[in-house]
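Chemist: Dropping the sequence and predicted coords here.
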Amino acid sequence: MKLIVCENYEEMSKEGAKIIAEQLKNKPNSILGLATGSTPVGMYEELRRMNAEKEISFAEVTSYNLDEYYPLAPDHDQSYRYFMNTNLFDHVDIDKSKTFVPNGLAENPAEEGKKYDEAIANAGGIDLQVLGIGQNGHIGFNEPEDELYVSTHLTGLTDNTIEANARFFASKADVPTQAITMGLGSIMKAKKILLLASGKAKHDVVTKMLDDRITTSVPSTLLKTHADLILICDKACLNG
Ligand code: GLP
């Protein structure tokens, strides 16, 4: 694992954007795996700037998002499809028909998950996967469990995650209790992984990323076995 420590959130966001820019310069038709949450917002802002100033282009990019709440309509303002449109896709030269987010209204979520993994494989696999991290170490919506899923699947959210994400909804009761998420196997198949973490709240979990152990009770630790993992965090996160 390569660790990059930045002064603050802004620097972390720019560093993350730089790695994506490099990826797009080396391979303009990259398959990007994208993430939501508050952490990558600054990075998407920097990518919008780079795109507006013609430093990078998304014209040939295909993207697959990690996860989506279930059930939730794509036009709901807390859906991850809506998040991606408003934070990135609506503002850059990406072909929206080549941007994919799991269908939060799929009638058959198991089938949706299977098709999602097949589509990624058929597209050639993810070149660069962006990830945030939950306070409990969840990745996408792979929550701490004795056993984790390999493939994209429907999952329940822990109370900890519902609590953490309630800030984006009118009330805790409005947070969906399930989601469709890429599995750890789908994520680990990415050729390169970029994990972002910022702020004190992620200190404990990031500390667990820095020792030599892995456990399904902190799903992010499994990423340590990936051959090309970059963790970018800020000093507040590293030092607590
Ligand atoms: C959600 C998402 C994750 C994200 C996590 C952390 O639960 N499913 O992909 O990494 O929240 O969010 P934040 O970056 O807001 O702390």
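Modeler: Here it is on my side, so go on.
Chemist: in which helix or strand would I find residue 117?
Modeler: helix 109-123 (DSSP states H and E).
Chemist: now could you export just the CA positions of that helix as PDB?
Modeler: This file holds the C-alpha atoms of helix 109-123, laid out as PDB (Å, rounded to 0.1, in the frame of the first residue of the first chain):
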ATOM      1  CA  PRO A 109     -31.700  -7.000  -6.900                       C
ATOM      2  CA  ALA A 110     -29.900 -10.400  -7.100                       C
ATOM      3  CA  GLU A 111     -30.200 -10.300 -10.900                       C
ATOM      4  CA  GLU A 112     -29.200  -6.600 -11.000                       C
ATOM      5  CA  GLY A 113     -26.000  -7.400  -9.000                       C
ATOM      6  CA  LYS A 114     -25.100 -10.300 -11.300                       C
ATOM      7  CA  LYS A 115     -25.700  -8.200 -14.400                       C
ATOM      8  CA  TYR A 116     -23.700  -5.300 -12.900                       C
ATOM      9  CA  ASP A 117     -20.600  -7.500 -12.400                       C
ATOM     10  CA  GLU A 118     -21.000  -9.000 -15.800                       C
ATOM     11  CA  ALA A 119     -21.200  -5.500 -17.400                       C
ATOM     12  CA  ILE A 120     -18.000  -4.400 -15.600                       C
ATOM     13  CA  ALA A 121     -16.200  -7.600 -16.700                       C
ATOM     14  CA  ASN A 122     -17.400  -7.200 -20.300                       C
ATOM     15  CA  ALA A 123     -16.200  -3.600 -20.400                       C
END
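Chemist: Report the rounded mean pLDDT for it.
Modeler: Here helix 109-123 scores 98 as its mean pLDDT.
Chemist: So which bits of this structure are right by the ligand?
Modeler: Neighbours of the ligand within the chain, by C-beta under 6 Å from any ligand atom: 35-39, 66-67, 132-134, 140-141, 161, 165. (Each C-beta comes from the backbone N, C-alpha and C, glycine too.)
Chemist: per-residue pLDDT, the residue nearest to residue 65 when sequence neighbours are not counted?
Modeler: Leaving aside its chain neighbours, residue 65 sits nearest to residue 101 (4.1 Å; criterion: C-beta to C-beta, 6 or more residues apart in numbering). Looking at residue 101, its pLDDT is 98.
Chemist: Quick check, residue 101 in contact with residue 84.
Modeler: Yes. The criterion here is C-beta atoms under 8 Å, and residue 101 meets it with residue 84 at 6.3 Å.
Chemist: ok, residue 233 - contacts?
Modeler: Residues counted as contacts of residue 233 (C-beta atoms under 8 Å, 6 or more residues apart in numbering) are 3, 4, 5, 6, 12, 196, 197, 198, 202, 206.
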